[in-house]
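Asks: Build me a model from this:
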Amino acid sequence: MGDGVGALIPQHGLVTVGLDPATAVMRAVLLDRACRVQLDAMAAGSLRRWSGTDEIGLKKAEVWPPAQIQAGYRFLLRQVVR
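Replies: Residues are numbered from 1 along each chain as shown. Now for the predicted structure:
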């Protein structure tokens with residue numbers, strides 16, 4: 001994750017941090033998903049385009065705002081409780 005809140009540790013996996021458990025867990029879930037998508041994209045051939053810094057900032061602000069992080073975390077908790 002580009003803002004220093006997550007890292008891949010070779011031979012161990014990934015680690016994330018957050019101001020609360022919901023944020024840390026959701027960052028881990030999203031980082032794992034992003035890594036899988038990246039591997040699929042790389043297997044499909046050479047990558048042709050990367051998002052610019054403006055687009056990345058816009059996505060960070062709109063795609064996973066704090067309310068969505070909390071909603072995603074509550075969803076994961078419901079899956080565990082079942």
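Asks: The protein: strands as residue ranges?
Replies: Under the criterion DSSP state E, the chain contains strands at 6-9, 13-16.
Asks: Off-centre distance for the last one?
Replies: Meaning strand 13-16. Computed by Cα atoms, centre = their mean, to the nearest Å, the chain-centroid distance of strand 13-16 equals 11 Å.
Asks: could you say what helices and strands that strand packs with?
Replies: Judged by 3 or more Cβ pairs under 8 Å, 6 or more residues apart in numbering; DSSP states H and E, strand 13-16 is in contact with strand 6-9, helix 21-44. Just so you know, the C-beta spots here come from the backbone N, C-alpha and C atoms, and that holds for glycine as well.
Asks: how about those in a markdown table, adding distance to residue 56 and mean neighbour count?
Replies: Output for those, formatted as a markdown table (distance: least, Cβ to Cβ, whole Å; neighbours: other Cβ atoms under 10 Å):
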| stretch | distance to residue 56 | mean neighbour count |
| --- | --- | --- |
| strand 6-9 | 15 | 13 |
| helix 21-44 | 12 | 14 |
